[in-house]
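K.L.:
turn this into a structure:
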Amino acid sequence: MGFGFLAMIIALALPASGQIQKHFSEVSKKVKATEDAAEKRMILNESFRSMQKALDIVESSPSISKADLAGIDRVRASVREKQDELAGVNGFNGISDAQLNAFSQYVVQDMEQAQQMITISVVTLLLILILVVLIL
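P.N.:
From the prediction side, this is the model:
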């Protein structure tokens, strides 16, 4: 039974490692497929909000390790920075309507780079992703 569980975790670990950037990649596709700038902003804001909410829920779990908490904090800071940049607050100029497609792609690329530097356990990552799906 222990071997089966371990095999399942390993099988889930491979696809889970890229799921946060996959989430933002899907968001970017939605943004690019949308003509209305206000709707593009709403899609991006909703994506950031749902990711923040999922991170908050996971972080409040008593079973999360200190290493995972540190990783969650780094992801949260990155997402918050993107929200601030989109809104033009906290020292950012804001993203113009004409730049929304490029910004959505930038978010995907930045999350890809961040994921290489941020360590979150597979179980915690899967929990975050499940919550993001449920929140949307």
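K.L.:
from here on, contacts and neighbour counts on C-alpha atoms
P.N.:
Will do.
K.L.:
where does this structure dip in pLDDT?
P.N.:
Filtered on pLDDT under 70, the chain yields the residue ranges 1-19, 114-123, 125-126, 129, 136.
K.L.:
how about the helices in it?
P.N.:
For the chain, the helices defined by DSSP state H occupy 2-16, 19-33, 37-59, 66-87, 100-117, 122-135.
K.L.:
need those in JSON lines with mean neighbour count and distance to N93, can you?
P.N.:
Formatted as JSON lines, these follow (neighbours: other CA atoms under 10 Å; distance: least, CA to CA, whole Å):
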{"stretch": "helix 2-16", "mean neighbour count": "12", "distance to N93": "34"}
{"stretch": "helix 19-33", "mean neighbour count": "18", "distance to N93": "20"}
{"stretch": "helix 37-59", "mean neighbour count": "18", "distance to N93": "15"}
{"stretch": "helix 66-87", "mean neighbour count": "18", "distance to N93": "7"}
{"stretch": "helix 100-117", "mean neighbour count": "17", "distance to N93": "13"}
{"stretch": "helix 122-135", "mean neighbour count": "17", "distance to N93": "28"}
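K.L.:
quick one: which of those is nearest G94?
P.N.:
helix 66-87 (5.1 Å; CA to CA).
K.L.:
which other helices and strands contact that closest one?
P.N.:
Identification of packing neighbours for helix 66-87 by 3 or more CA pairs under 8 Å, 6 or more residues apart in numbering; DSSP states H and E yields helix 37-59.
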